[in-house]
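A.B. asks: The following block contains a protein sequence and its predicted model.
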Amino acid sequence: MISAAIERMIAFYEGNLHDIDHFLKVWAMAKTIGEQEKLDRKTQQTLELAAVVHDIACPLCRKKYGNTNGENQERESAPLVTAFFADLAVPGLDVERITWLAAHHHTYTNVDRLDHRILLEADFLVNAGESGYSREVIKSAQTRIFRTATGIRLLNEIYLRSLPEY
């Protein structure tokens, strides 16, 4: 199921290497954090599928708004996610949750479930490297966003160990 969604998402991005690389890295981070945090099988699968499609609205947002800011992505993603999973064997309730996660992957408030927290952490871990976030921004995110032991460990190992202090 997940491999079919990955293959479909690669085709969806029509050769946009940045978008393909980004979602694959977020998926890998979400998969890793979820497994280390011992999510149950159903939640892990839902998380991974959400990570695959979390930026599904980016191509549309580039055309419609000229940018991919989080607010626009969250506004536009739900119908795209629903259509993406229409003919894949994913139960309806899972598609609802995947759609909700994609529509809230830039919402850092009122995080009430672990799958949402992990998706936020995974996306931040990847964005920090792609965007070259400063040590100050990363340290701030460590206290504002990160709650899982695995996410905090990865943030420290990947970024805070290697970034110079200013």
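C.D. replies: Received it, and whenever you're ready, just let me know what you need. Numbering: from 1, shown residues only.
A.B. asks: show me what contacts Ile118?
C.D. replies: If a contact means Cβ atoms under 8 Å, 6 or more residues apart in numbering, then Ile118 has Ala30, Ile33, Gly34, Glu37, Leu39, Leu47, Thr148, Gly151 as its contacts. All C-beta atoms are positioned from the backbone trio N, CA, C, and that covers glycine.
A.B. asks: Now find how far off-centre the strand or helix carrying it is within its chain.
C.D. replies: Here Ile118 sits within helix 114-131, counting by DSSP states H and E. Centre-to-centre, helix 114-131 and its host chain are 6 Å apart (Cα atoms, centre = their mean, to the nearest Å).
A.B. asks: what comes up buried for that helix?
C.D. replies: Neighbour counts over helix 114-131 (16 or more other Cβ atoms under 10 Å) mark 114-126, 128 as buried.
A.B. asks: for the record, mean pLDDT for that helix?
C.D. replies: Averaging pLDDT along helix 114-131 gives 98.
A.B. asks: Next SSE downstream of it?
C.D. replies: Next helix or strand after helix 114-131 toward the C-terminus (DSSP H and E): helix 135-144.
A.B. asks: quick one: that next one to helix 114-131, angle?
C.D. replies: With axes from the mean of the first three to the mean of the last three Cα atoms, to 10 degrees defining the directions, helix 135-144 sits at 180 degrees from helix 114-131.
A.B. asks: What residues sit buried inside stretch 11-29?
C.D. replies: Of all the residues in stretch 11-29, those buried under the rule 16+ other Cβ under 10 Å are Phe12, Tyr13, Asp19, Ile20, His22, Phe23, Leu24, Lys25, Val26, Trp27, Met29.
A.B. asks: Just the pLDDT at the nearest residue to the third one once chain neighbours are set aside, thanks.
C.D. replies: Leaving aside its chain neighbours, Asp19 sits nearest to Tyr13 (4.4 Å; criterion: Cβ to Cβ, 6 or more residues apart in numbering). We have a pLDDT of 97 for Tyr13.
A.B. asks: and Tyr13, how far is that from Leu24?
C.D. replies: Going from Tyr13 to Leu24 by Cβ to Cβ, to the nearest Å gives 10 Å.
A.B. asks: worst-scoring helix or strand of this protein, pLDDT-wise?
C.D. replies: helix 92-102 (a mean of 91; mean pLDDT, DSSP states H and E).
A.B. asks: Could you give the separation of that one from the chain centroid?
C.D. replies: Using Cα atoms, centre = their mean, the mean C-alpha position of helix 92-102 is found 13 Å from that of the whole chain.
A.B. asks: Does anything pack onto that helix? Which helices or strands?
C.D. replies: On a contact count with 3 or more Cβ pairs under 8 Å, 6 or more residues apart in numbering; DSSP states H and E, helix 92-102 meets helix 41-53, helix 70-84, helix 114-131.
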